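Chemist: Turn this into a structure:
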Amino acid sequence: FVLRAKKKIWDEGDILPCMSARFAVKVPTGDNSRALGSGKVDYGFGLLLQKDITNLTLYLNADVIFPGDAFEEENISLREFYEVMFGTRYKINSKLSILAQVNYITRPFEDTGLQMLDRRIFDLLVGITYLTKGDLFIQGGGIEDFCSSCDAGADITFFLNIGRHF
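Modeler: Okay, here's the model as predicted:
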């Protein structure tokens, strides 16, 4: 279970993008004995930039996450990790838009000797968003690790999100 809060720092100007900050905390509600959570509290901070240019929107998000010591019994140390995302959205019309983003993620693990846990991740996400009446949205698409998936079980991930704008 993750609680998130986001606050706008300043509005978008003619040249400057809109800037917001966010905070998130993961509450350990899952059963870690069944691999449904770590059993520890994680928290993170981020800065978000957004610039609209007619039908095109550009995003740049940067986050730092501080994981709890979920693997201390196994003598595996965790450290903070970072996520950076550059994305773009093109509005086809008032209801339909396409989106693409590149994500860079470091790992919280240190020197495990396993390439899958030690290496950095570069993901490419491509999707589509449809807005309905009542500010509901439906998003779908796929995500691919475009650098190296040699140790990964799944090569591509598909997603479907349903949410509401407040």
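Chemist: Report pLDDT for residue 126.
Modeler: Looking at residue 126, its pLDDT reads 97.
Chemist: ok, it - how many residues close by?
Modeler: 12 (other C-beta atoms under 10 Å). From N, CA and C alone the C-beta is placed, and that goes for glycine too.
Chemist: what bridges to it?
Modeler: residue 100, residue 142 (DSSP bridges).
Chemist: and it, what is it in contact with?
Modeler: Residue 126 makes contacts with 98, 99, 100, 141, 142, as judged by C-beta atoms under 8 Å, 6 or more residues apart in numbering.
Chemist: how close does the first one get to residue 123?
Modeler: Okay, so that is residue 98. 17 Å (C-beta to C-beta, to the nearest Å).
Chemist: for the last one, same thing?
Modeler: Counting by C-beta to C-beta, the gap from residue 142 to residue 123 is 10 Å.
Chemist: again with the second one
Modeler: Separation of residue 99 from residue 123 (C-beta to C-beta) stands at 13 Å.
Chemist: who touches both of those two?
Modeler: With C-beta under 8 Å, 6+ apart, residue 99 and residue 123 have no common neighbours.
Chemist: on that earlier part again, filter the contacts of residue 126 down to just the buried residues.
Modeler: 99, 141 (16 or more other C-beta atoms under 10 Å).
Chemist: what residue ranges in this protein score low on pLDDT?
Modeler: 32, 35, 37, 70-75, 111, 116, 118, 148-154 (pLDDT under 70).
Chemist: could you show me where the helices are in this protein, in order?
Modeler: Along the chain, the segments classed as helices by DSSP state H run 115-118.
Chemist: In contact with the spatially closest residue to residue 17 that is not a sequence neighbour, which residues?
Modeler: Nearest non-adjacent residue to residue 17, counting by C-beta to C-beta, 6 or more residues apart in numbering: residue 51, 3.9 Å away. By C-beta under 8 Å, 6+ apart, residue 51 lies in contact with 12, 17, 18, 57, 58.
Chemist: swap in residue 63?
Modeler: Here residue 63 is in contact with 22, 44, 45, 46, 47, 82, 83, 84 (criterion: C-beta under 8 Å, 6+ apart).
Chemist: CA atoms only: put stretch 18-27 into CSV for me.
Modeler: What follows is stretch 18-27, C-alpha atoms only, in CSV (Å, rounded to 0.1, in the frame of the first residue of the first chain):
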residue,chain,number,x,y,z
CYS,A,18,5.6,23.8,-14.2
MET,A,19,7.4,22.3,-11.2
SER,A,20,5.9,20.0,-8.5
ALA,A,21,7.4,18.0,-5.6
ARG,A,22,6.1,14.7,-4.4
PHE,A,23,6.5,12.4,-1.4
ALA,A,24,5.6,8.7,-1.1
VAL,A,25,5.6,6.2,1.7
LYS,A,26,5.1,2.4,1.2
VAL,A,27,3.2,1.0,4.2
